[in-house]
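Student: Got a predicted model here, sequence first, then my questions.
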Amino acid sequence: MSDTHEKIDHEFYTKERWSNWLGQVKESGFEFKEEEENTGKEGAIFVSMEDDIILACLKVIAKYENKTLPLDDAIAIIKDIRDITLEEVEPVSEDIDMMLESVQTALAGSFAACECYIAGDFDKESSIEDLIAVAIEYEEAEDIDSAITCIAQVGALILDGKNLPEAAMEDLPYGLVAEWLDGIDSVEAAMIGADGYKEDDGEDDGS
């Protein structure tokens, strides 16, 4: 799935930063527990890891919107972050591996959305509900490329200022579309949160 693209020297997100998060995940010793609150507390590391990556992408978009990054560079950097974080991870434990796979699947939706938004490859008048419904149909037909194209457009609309409709997010069939939409939901949550990323220089060291 990885495209061949020119590597650009940047500090928005690095392999070292990703390795640091993987180290923290391993140290967490995460396991699924019967008591949900314990799982939630220990599982927070995965949420933080995903949020950190999404914020890095939002910083790239902010630089592009401020015209301090040209379109081609912005897309190349998003692809570079995608390549770093979607690379196959060495197995740790069954539970941790399952959580990491879930994070990476969600992020695939986030990256597709960022690329779609930067490229302007979406219709601002499109219905988010319709796009989600069509994406589910494509997934059921095993046309995964078309399914993620629809979800990328949903994410681009969110990045453009629209909101994910709660009704469309309820009762989603379990599968890739639902997981990709988790990534879009995380993008929306990051945008609603602190907007310091818009002024950030992209050169912090990560957690």
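Tutor: Here it is on my side, so go on.

Student: Following the longest helix along the chain in sequence, what is the next regular element?
Tutor: Of all the elements of type helix in the chain, the one with the most residues (DSSP state H) is helix 36-65. Moving toward the C-terminus from helix 36-65, the next helix or strand (DSSP states H and E) is helix 71-85.

Student: tell me which residues in the helix or strand that that following helix is followed by are buried?
Tutor: If you walk from helix 71-85 toward the C-terminus, the next helix or strand you reach (DSSP H and E) is helix 94-119. Within helix 94-119, the residues that qualify as buried by neighbour count (16 or more other CB atoms under 10 Å) are 95-96, 99-100, 103-118. (Glycine included, C-beta is placed from N, CA and C.)

Student: try stretch 122-129
Tutor: The neighbour-count criterion (16+ other CB under 10 Å) identifies Phe122, Ile128 as the buried residues of stretch 122-129.

Student: Alpha carbons only: can I get that stretch in PDB?
Tutor: Only the C-alpha atoms of stretch 122-129 are listed here, as PDB (Å, rounded to 0.1, in the frame of the first residue of the first chain):
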ATOM      1  CA  PHE A 122     -13.400  15.800  -2.100                       C
ATOM      2  CA  ASP A 123     -16.700  17.500  -2.700                       C
ATOM      3  CA  LYS A 124     -17.600  19.900   0.100                       C
ATOM      4  CA  GLU A 125     -21.300  19.400  -0.600                       C
ATOM      5  CA  SER A 126     -21.100  15.600  -0.100                       C
ATOM      6  CA  SER A 127     -23.300  13.900   2.600                       C
ATOM      7  CA  ILE A 128     -21.200  12.200   5.300                       C
ATOM      8  CA  GLU A 129     -24.000   9.800   6.000                       C
END
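
Student: Which residue is the nearest non-sequential neighbour of Lys15?
Tutor: Leaving aside its sequence neighbours, Lys15 sits nearest to Ile84 (CB to CB, 6 or more residues apart in numbering; 5.4 Å).

Student: do you know how far that neighbour is from Ala190?
Tutor: Taking CB to CB, to the nearest Å as the criterion, Ile84 is separated from Ala190 by 18 Å.

Student: So which of the two has more stuff around it?
Tutor: Under the neighbour definition other CB atoms under 10 Å, Ile84 and Ala190 were set side by side, and Ala190 has more, 20 against 17.

Student: wouldn't the more buried one be in contact with Asp51 here?
Tutor: Yes - under the criterion of CB atoms under 8 Å, Ala190 lies in contact with Asp51, with a separation of 6.1 Å.

Student: which stretches of this protein have low pLDDT?
Tutor: Per-residue confidence of the chain (counting by pLDDT under 70) places the weak regions at 1-7, 35-41, 194-207.

Student: Contacts only, for Ile151.
Tutor: In this structure, Ile151 makes contact with Gly109, Ala112, Ala113, Leu131, Ile132, Ala135, Val177, Trp180, Leu181, Ile184, judged by CB atoms under 8 Å, 6 or more residues apart in numbering.

Student: burial measure for Asp72, as a count.
Tutor: If you count neighbours by other CB under 10 Å, Asp72 ends up with 13.
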